[in-house]
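The sequence and its predicted three-dimensional model are supplied below.
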Amino acid sequence: MVHMKMLQQYITQYLDTPVKKNNPSAKLQFLQALIVEFGISKQLPASIKSATKLLKASVHVNIKDYVAKRGKDQSELKQIMQSSKSALRKDIRRSNRKSSLKWVKEHGLNVLLIGISN
């Protein structure tokens, strides 16, 4: 699918470049691309706030797993998604596979972060 490949290339480009602090349209496009890549909604949110809310409510994935599996088909991403935030927390604690907070924020993936308390 050409459209999906273009979105995946956009995400790759976004992740490979420095943080875009003052570019809201790039951030919105990135969040919308994540929504399409994870296949969580056919209708794309029109604002950063609504896109962030949708991703935080629907995508519960270990960021290390996401980075390793992204660029493949949606079924691969669906396999690594947890059913809830608490299931993701348990998985992260059990496997001890935490992503570097600095790296996550630098690459704009903070929308996928959940709170983990030890």
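That came through, no problem. As the structure is a computational prediction, the values presented were derived from the model and not from experiment. Numbers count the residues shown, from 1 in each chain.

now the worst-scoring helix or strand of the chain on mean pLDDT, how far from the chain's geometric center?
When the helices and strands of the chain are compared on mean pLDDT, DSSP states H and E, helix 2-16 comes out lowest with a mean of 76. Distance, stretch centre to chain centre, for helix 2-16: 13 Å (CA atoms, centre = their mean, to the nearest Å).

For it, C-alpha coordinates in PDB please.
Listed in PDB are the C-alpha atoms of helix 2-16, where the atom choice follows Å, rounded to 0.1, in the frame of the first residue of the first chain:
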ATOM      1  CA  VAL A   2       1.600   3.200  -1.200                       C
ATOM      2  CA  HIS A   3      -0.100   5.500   1.300                       C
ATOM      3  CA  MET A   4       1.100   3.300   4.300                       C
ATOM      4  CA  LYS A   5       4.600   3.300   2.900                       C
ATOM      5  CA  MET A   6       4.600   7.100   2.700                       C
ATOM      6  CA  LEU A   7       3.400   7.400   6.300                       C
ATOM      7  CA  GLN A   8       6.100   5.000   7.500                       C
ATOM      8  CA  GLN A   9       8.700   7.000   5.600                       C
ATOM      9  CA  TYR A  10       7.400  10.200   7.200                       C
ATOM     10  CA  ILE A  11       7.600   8.600  10.700                       C
ATOM     11  CA  THR A  12      11.100   7.400  10.000                       C
ATOM     12  CA  GLN A  13      12.100  10.900   8.800                       C
ATOM     13  CA  TYR A  14      10.500  12.500  11.900                       C
ATOM     14  CA  LEU A  15      12.300  10.100  14.200                       C
ATOM     15  CA  ASP A  16      15.700  10.600  12.500                       C
END
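
Following that helix in sequence, what is the next regular element?
Heading C-terminal from helix 2-16, the first helix or strand you meet, by DSSP states H and E, is helix 24-38.

Show me what the least confident helix or strand of the chain is in contact with.
Residues lying outside helix 2-16 but in contact with it, judged by CB atoms under 8 Å, 6 or more residues apart in numbering, are 20, 26, 29-30, 33-34, 36-37, 70-71, 107-109. Where C-beta positions appear, they are placed from N, C-alpha and C, glycine not excepted.

Save those as CSV, and put in neighbour count, pLDDT and distance to Q9 too.
Compiled in CSV, these are given as follows (neighbours: other CB atoms under 10 Å; pLDDT from 0 to 100; distance: CB to CB, whole Å):
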residue, neighbour count, pLDDT, distance to Q9
K20, 13, 63, 17
A26, 15, 87, 14
Q29, 17, 90, 12
F30, 23, 90, 12
A33, 21, 90, 9
L34, 23, 92, 14
V36, 19, 89, 13
E37, 21, 89, 11
R70, 18, 86, 11
G71, 15, 78, 9
H107, 18, 85, 16
G108, 21, 86, 16
L109, 19, 90, 17
